[in-house]
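K.L.:
After the sequence you'll find the predicted model.
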Amino acid sequence: EYSHDMGNSNGNLKEFWDQWRTTPRIIGGAIWEFKDQGLLKKDADGTSYYAYGGDYGERYYDDFTIKGIVAPDGRPKPAIYECKHVFQPAECTLADAAQATIHIKNWDGVSSLGEYDVVLQLREDGNVILKKEIPHIDLPAGHDTTISIKKYLPVLKAGHEYLADIHFNLAQDEPWAQKGYEIAADQFALTGLATPKVVSRGSKPAITKANGQMVVSGKGFRISFNKEGALASYLWNGKEQVFAPLMPHFTRPVTDNDHRGWKMEKKLAPWFNTGIKLTGMEQTQHGNLVEVHSSYSLIDDSAKVNVIYTISGSGEIKVDYQLKADPKLPDLPKVGMQMGILRAYDQITYYGRGPYENYIDRNSGSETGIYSKPINEFMEPYVVPQENGNRTDVRWMLLSAKNKEGLMVTADSLLSMSAWPYTEQNIVAAK
């Protein structure tokens, strides 16, 4: 047993297999285990849920039956897609971006890759612009080769991001799957990230102070910063967008393995038990831009955070964030920012890895693209409430209502982002 699949888990599976595949005498191990052993039950309101230890009035119990890569009803959980990718028989890696050459390894012990149809897909800034079946690759088991896909590609335009995918699919129906079922797939970046678009700065914003708050306003918007130096209100055409201030944030709900295994909340206690104190706030104006600087201290001044908000006359806000922490402090559970927004913005469209939940240590099987889901499908409903719903390598995310009105977050690097219809405290307190 090398991967304990309890709740949100199975991280670093790829790293295990990368190591084993360099050693001829290691063939792998076992995941504990396949299926969550929850029992369907109804609460006092008649709502169905999956029950586990303690839900039947037992005196001594735990949740150690909930540890599978599929849910109690057999629904695949995100971890199973990572398993599928790591275990796949064909592995493709980019050999040369300029020449669009791909190195292919057949890890299968018996079959040739020639048994599969091969589909090439090209994405421009996340949108699929080419999908083409290319000739079969007759590569015997245990062998490797290099091919070029350059002749299949259009001219790549400057300033755009291009990602290529290669998919090996069943060429005929099998007793266990239909023709076209994906057996293996890999994705590789042919270019860097897209060049950011220039946004109009609009007219010069006004700065006012009232009731301990600083207000930056312009045509159609009014942005307020509270006494804690946080972005606390954003009125757009008179409609409030912010319902909990944007603040530096360092924790996340613990997972089953965090709590039952290495006791994260105890070993990283300084981050879980600290408050954050505003040490300074000031504003400056440069032409049509307003800068608001908020400085914070935490854990007895052993960590400091600086946040710079740059507000344009069009109402766009750029957020720069810097953390300096004493190396003697324990590792951080998380580093970032958290806020509450209009509840109606429950449709999530983003450009990043997906479509299912993924994390920095469990995302090799998640292709980068543009995905859209309502928030109840964006989250992962683990039987035991815990950290869930993250996406990695996010370039942008739109949180919107059904009429497409909403908030757009655009990154200047690759972000991890999540969204919930409840608070972190709700998750921690839930059973």
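P.N.:
Looks like it arrived, so ask away. Numbers count the residues shown, from 1 in each chain.
K.L.:
Now do the contacts for Pro196.
P.N.:
With contacts defined as Cβ atoms under 8 Å, 6 or more residues apart in numbering, the neighbours of Pro196 are 410, 412. Just so you know, the C-beta spots here come from the backbone N, C-alpha and C atoms, and that holds for glycine as well.
K.L.:
my read is it is in a helix, agree?
P.N.:
No. The assignment for Pro196 by DSSP: H, G, I helix; E, B strand; the rest coil gives coil, which leaves it out of any helix.
K.L.:
Show the pLDDT at it.
P.N.:
At Pro196, the model reports a pLDDT of 86.
K.L.:
What distance do you get for it to His160?
P.N.:
Counting by Cβ to Cβ, to the nearest Å, the gap from Pro196 to His160 is 12 Å.
K.L.:
Ok, Ile27 next?
P.N.:
Ile27 is 42 Å from His160, by Cβ to Cβ.
K.L.:
So the two - more neighbours on which side?
P.N.:
His160 (16 against 9; other Cβ atoms under 10 Å).
K.L.:
what's the spacing between that one and Pro333?
P.N.:
His160 is 36 Å from Pro333, by Cβ to Cβ.
K.L.:
and stretch 291-308, which residues are buried?
P.N.:
Within stretch 291-308, the residues scored as buried using 16 or more other Cβ atoms under 10 Å are 291-292, 294-299, 303-307.
K.L.:
Take the residues you listed and keep only those in strands.
P.N.:
Cross-referencing those against strands under DSSP state E gives 291-292, 294-298, 303-307.
K.L.:
circling back: among the buried residues of stretch 291-308, which one sits closest to Gly109?
P.N.:
Ala303 (51.0 Å; Cβ to Cβ).
K.L.:
Next, the contact list for the residue lying closest to that closest one once chain neighbours are set aside, please.
P.N.:
Leaving aside its sequence neighbours, Ala303 sits nearest to Ala325 (Cβ to Cβ, 6 or more residues apart in numbering; 4.2 Å). Listed by Cβ under 8 Å, 6+ apart, the contact set of Ala325 reads 302-304, 332.
K.L.:
Farthest pair within the residues you listed?
P.N.:
Lys304 and Leu332 (13.6 Å).
K.L.:
Point out where the stretch 251-400 of the chain drops to low pLDDT.
P.N.:
Of all residues in the stretch 251-400 of the chain, none has pLDDT under 70.
K.L.:
Buried residues in stretch 227-243, which are they?
P.N.:
So stretch 227-243, judged by 16+ other Cβ under 10 Å, has buried residues 229-235, 241-242.
K.L.:
Could you tell me which of these are located in strands?
P.N.:
Under the assignment DSSP E, the buried residues of stretch 227-243 contribute 231-235, 242 to strands.
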